[in-house]
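Just the structure for this:
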Amino acid sequence: MRVGIVSDSHDHLDRLGQALSLLAREGAEALIHPGDFVAPFAMKRLLTFAGPIYATFGNNDGEREGLRKLLPTLQDGPLFVELGSRTILVHHFIDWCDPSDVERADIVVTGHTHEVTNRTVGGKLFLNPGECCGWVTGRSTVALLDTELPLAEVFEL
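Residues are numbered from 1 along each chain as shown. Below is the predicted model:
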């Protein structure tokens with residue numbers, strides 16, 4: 001299964017739109033966002049994605065009630081998602097992940113640092129797509145995860 005991974009969009013609607021278009025072209029069937037949408041108007045753009053969306057809150061998501069009203073499944077991490085025969089742990093920040101949760105997962109998807117991580121350690125894929133917004137690093141990046149391999153490709157917008 002091909003899963004789009006977008007994190008730290010921080011209200012940058014143009015970049016979020018570019019990310020969603022790219023992921024649709026690349027055949028993403030589901031979307032994971034580990035937080036920092038920031039405001040409900042950014043969530044509205046995210047909800048234009050055609051498939052299921054799995055998401056956690058980040059530390060900059062101030063309007064939690066408004067965000068959850070738009071995406072009722074939005075929650076604090078950890079979130080466990082079963083996709084393509086893999087267990088995926090979603091949390092905003094790797095340091096917030098309990099070691100027992102990491103152990104339980106095949107793939108760990110986080111954000112928060114705005115830096116890309118795409119590495120396999122002990123047969124487990126650790127993936128941070130970087131920042132969609134580009135505000136901090138100057139790079140706007142997203143990832144496409146293939147759950148069957150499992151491998152991810154990072155794209156710069």
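
For the residue lying closest to T141 once chain neighbours are set aside, give me the pLDDT.
Spatial nearest neighbour of T141, chain neighbours left out: G130 (3.7 Å); criterion: CB to CB, 6 or more residues apart in numbering. Any C-beta I mention is one placed from the backbone N, CA and C, and that applies to glycine too. Looking at G130, its pLDDT stands at 98.

residues in contact with G130?
Counting by CB atoms under 8 Å, 6 or more residues apart in numbering, G130 makes contact with 7-8, 114-116, 137, 139-143, 154.

how about a cut-off of 7 Å?
G130 is in contact with 114-116, 137, 139, 141, 154, counting by CB atoms under 7 Å, 6 or more residues apart in numbering.

And T137, by the same measure?
114-115, 130-131.

How about E131?
7-8, 114, 137, 140-141.

Point me to the helix or strand that includes it.
Following DSSP states H and E, there is no helix or strand that holds E131.

in stretch 45-65, what's buried?
45-46, 49, 53-58, 61, 63 (16 or more other CB atoms under 10 Å).

Please pick out the residue of the protein most distant from its centre.
Relative to the centre of the chain, and counting by CA atoms, centre = their mean, the farthest-placed residue is G122 at 21.9 Å.

could you check the distance from that one over to A105?
According to CB to CB, to the nearest Å, G122 and A105 sit 12 Å apart.

circling back: of the contacts of G130, closest to S100?
Nearest to S100, judged by CB to CB, of the contacts of G130 is E115 at 25.1 Å.

Now the nearest residue to the closest one once chain neighbours are set aside. Its backbone dihedrals?
Distances taken as CB to CB, 6+ apart place G130 nearest to E115, at 6.1 Å, with adjacent residues excluded. Dihedral pair for G130: phi 80, psi -160, per degrees, to the nearest 10.

can you check K44 too?
phi -60, psi -40.
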